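Chemist: below is the structure, and that's it, no one-letter string:
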């Protein structure tokens, strides 16, 4: 089945991907776009990768994928593609070669690097325009990725952190790469052209069947809502974070004492504060059991 999703909610589309992965036996190719969001891998720590509070304050969604891999900024101008199938895990190169070969038919030249990213050469420099992630479960597999076409990437670092050294964790860290929109080099190419190109090439391949709408019987009979409800729950978005420590100091106004914060399932679990019982008591009373926040130092200052 070939799907061009008109729903821009990332929770809906990732829930649909999960339903197609787990509750279908066919091969699928899917395209979708997202409202502004920061989407990160299943095994990542959002506070290590993202300015979480800034992201939420600016009406961007936090979204944890069902697959591993790194963190990506999403929004208009960013096209998502998904391959879902059965049997042996499809070669990463085969699916990405399909994307590159399809876009070559409209004059867009991309190539695959050793990290399985699609990159675009411009002069002597290369830029990442597509990253992707993978999952294999019960004989079914999914490979999904993004294509930067005309996204607002100039403010990307307002949302993604480049320095989280005080967080100690075994979570997977993202690899930062120089990125660029396809439209910056190919100025006559836009989202519609690329989407139509990929859908047409998928139909020509005859591997994925016919183009289906979200209202088709094949999709409407899937219970993708049960997966969507999990993916958009706080227990998944924050609670699936691997255990981590924050090693830092209290603010100068509170004495600058060393502090170690233990966080489990995304929640404050324990505070070790050296030489400041008052701060320790305030932290235990007001923060234990709550979801971690990067604003805890400011909130603590207001309490003391």
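Modeler: Arrived safely, thanks for sending. Remember, predicted model here, so these are calculated numbers, not experimental data.
Chemist: pLDDT on stretch 16-29, on average?
Modeler: What stretch 16-29 shows for mean pLDDT is 94.
Chemist: report the buried residues of it.
Modeler: 16-22, 24, 27-29 (16 or more other C-beta atoms under 10 Å). C-beta here means a position set from N, CA and C on the backbone, and glycine is covered the same way.
Chemist: biggest separation within those, which pair?
Modeler: Maximum pairwise distance among the buried residues of stretch 16-29 (C-beta to C-beta): 17.3 Å, between 22 and 29.
Chemist: burial count for the nearest residue to residue 97 once chain neighbours are set aside?
Modeler: Nearest residue to residue 97, sequence neighbours excluded (C-beta to C-beta, 6 or more residues apart in numbering): residue 112, at 7.1 Å. Residue 112 sits with 16 neighbouring residues when counted by other C-beta atoms under 10 Å.
Chemist: surely residue 112 touches residue 118?
Modeler: Yes - checked against C-beta atoms under 8 Å, the pair residue 112 and residue 118 is within contact range at 6.2 Å.
Chemist: anything in contact with each of these two?
Modeler: 96, 100 (C-beta atoms under 8 Å, 6 or more residues apart in numbering).
Chemist: please tell me I have it right and residue 84 contacts residue 30.
Modeler: Yes - with contacts defined as C-beta under 8 Å, residue 84 counts as touching residue 30 at a distance of 7.2 Å.
Chemist: between these two, which has more neighbouring residues?
Modeler: Between residue 84 and residue 30, counted using other C-beta under 10 Å, residue 84 has the larger neighbour count: 27 against 23.
Chemist: for the more buried one, give its distance to residue 144.
Modeler: Relative to residue 144, residue 84 is positioned 8 Å away (C-beta to C-beta, to the nearest Å).
Chemist: okay, and the beta partners of residue 2?
Modeler: In this entry, residue 2 is beta-bridged to residue 29, residue 211, by DSSP bridges.
Chemist: per-residue pLDDT, it?
Modeler: Looking at residue 2, the pLDDT reads 96.
Chemist: tell me who's in contact with it.
Modeler: Residue 2 touches 28-30, 199, 202-203, 208-212, counting by C-beta under 8 Å, 6+ apart.
Chemist: now which of those would you call buried?
Modeler: 28-30, 199, 202, 208, 212.
Chemist: between residue 84 and residue 144, which contacts overlap?
Modeler: residue 17.
Chemist: save the buried residues of stretch 16-29 as TSV, and put in distance to residue 191 and secondary structure too.
Modeler: Listed next are the buried residues of stretch 16-29 as TSV, based on distance: C-beta to C-beta, whole Å; DSSP: H, G, I helix; E, B strand; the rest coil:
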residue	distance to residue 191	secondary structure
16	20	helix
17	20	helix
18	25	helix
19	25	helix
20	23	helix
21	26	helix
22	30	helix
24	27	coil
27	25	coil
28	21	strand
29	17	strand
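Chemist: from those, pick the one nearest residue 232.
Modeler: Of those, the one sitting nearest to residue 232 (C-beta to C-beta) turns out to be residue 18, at 12.0 Å.
Chemist: my guess is the closest one contacts residue 232, does it?
Modeler: No - counting by C-beta under 8 Å, residue 18 stays clear of residue 232, with 12.0 Å between them.
Chemist: what pLDDT does residue 208 get?
Modeler: 91.
Chemist: could you list every residue that touches it?
Modeler: 1-2, 27-29, 202.
Chemist: on the three-state scheme, it is what?
Modeler: Using DSSP: H, G, I helix; E, B strand; the rest coil, the structure places residue 208 in coil.
Chemist: measure it to residue 261 for me?
Modeler: If you go by C-beta to C-beta, the gap between residue 208 and residue 261 works out to 48 Å.
Chemist: kindly report the same for residue 157.
Modeler: Residue 157 is 25 Å from residue 261, by C-beta to C-beta.
Chemist: who has more neighbours, the two?
Modeler: Counted by other C-beta under 10 Å, residue 157 and residue 261 do not tie: residue 261 has more neighbours, with 21 against 12.
Chemist: output the below-cut-off pLDDT ranges for the stretch 151-300 of the chain.
Modeler: For the stretch 151-300 of the chain, the stretches flagged by pLDDT under 70 are 162-165, 174-176.
Chemist: now the helices for the stretch 101-250 of the chain?
Modeler: In the stretch 101-250 of the chain, the helices defined using DSSP state H, counting those that start in this stretch lie at 182-185, 191-205, 217-220, 224-231, 234-237.
Chemist: thinking again about what came up before, find residues that contact each of residue 84 and residue 30.
Modeler: 17, 20.
Chemist: what's the span of stretch 185-199, first residue to last?
Modeler: 22 Å (C-alpha to C-alpha, to the nearest Å).
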